[in-house]
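Novice: got a sequence here, can you build the structure:
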Amino acid sequence: MRTLVYISAIILCLQACKDKKETSEENQTMVITDTTRINGVLLELIDDNGVGKLKITPDKYKLSGNIEVKSPCYFLRYNGKVTSYTYPDFNVQKIIIILGATKKDRLNKITGTEIQGLLFKNDSIKIAGVLKNYSPINPETGIDEKDYWGLASGIYEK
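Specialist: Predicted coordinates for the structure are as follows:
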């Protein structure tokens with residue numbers, strides 16, 4: 001009889017743990033944090049439970065690499081437009097930069113300390129090098145062009 005009580009108690013505990021796990025899986029969410037249109041392609045940055053992802057519509061470009069900066073992520077802009085540069089010497093038709101490790105302050109101003117390049121090359125998009133522990137960056141004012149060049153040239157790769 002005593003064994004039956006112990007087994008019943010263990011089963012109840014296991015069931016409670018299972019129910020809690022199912023509840024936490026239901027609370028998982030995907031949030032679009034930023035969007036832009038480059039070369040006729042819609043790019044969406046997605047925060048998938050703390051993991052940054054990039055969605056491309058339509059998928060006319062082959063995507064290589066993963067977003068490594070901490071989510072939520074944003075595209076860098078200047079005067080409301082996503083900043084891009086072209087570097088034919090590196091076969092980069094266009095580069096834009098993703099800002100990660102972002103936080104909001106008390107006034108809802110967003111800043112981030114990690115950047116990662118998004119390189120458009122012929123029929124592919126390469127998610128390039130990462131710079132971490134950068135000085136806080138506002139996604140609406142962007143960064144200096146030298147960092148776009150560094151990411152496009154590959155100097156910032158590992």
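Novice: helix/strand/coil for residue 142?
Specialist: What DSSP: H, G, I helix; E, B strand; the rest coil gives for residue 142 is coil.
Novice: how much space separates it from residue 82?
Specialist: 9 Å (Cβ to Cβ, to the nearest Å). Glycine gets a C-beta too; all of them are placed from N, C-alpha and C.
Novice: between these two, which contacts overlap?
Specialist: Residues within reach of residue 142 and of residue 82 at once, by Cβ atoms under 8 Å, 6 or more residues apart in numbering, are residue 76.
Novice: shaky segments in this protein?
Specialist: 1-28, 158 (pLDDT under 70).
Novice: would you mark the buried spots in stretch 50-69?
Specialist: Buried residues in stretch 50-69, counted by 16 or more other Cβ atoms under 10 Å: 52, 54, 61, 65, 67, 69.
Novice: typo on my end, stretch 110-129
Specialist: 110, 112-121, 125-129.
Novice: check these and tell me the two furthest apart.
Specialist: Maximum pairwise distance in the buried residues of stretch 110-129, criterion Cβ to Cβ, is 29.1 Å, between 110 and 121.
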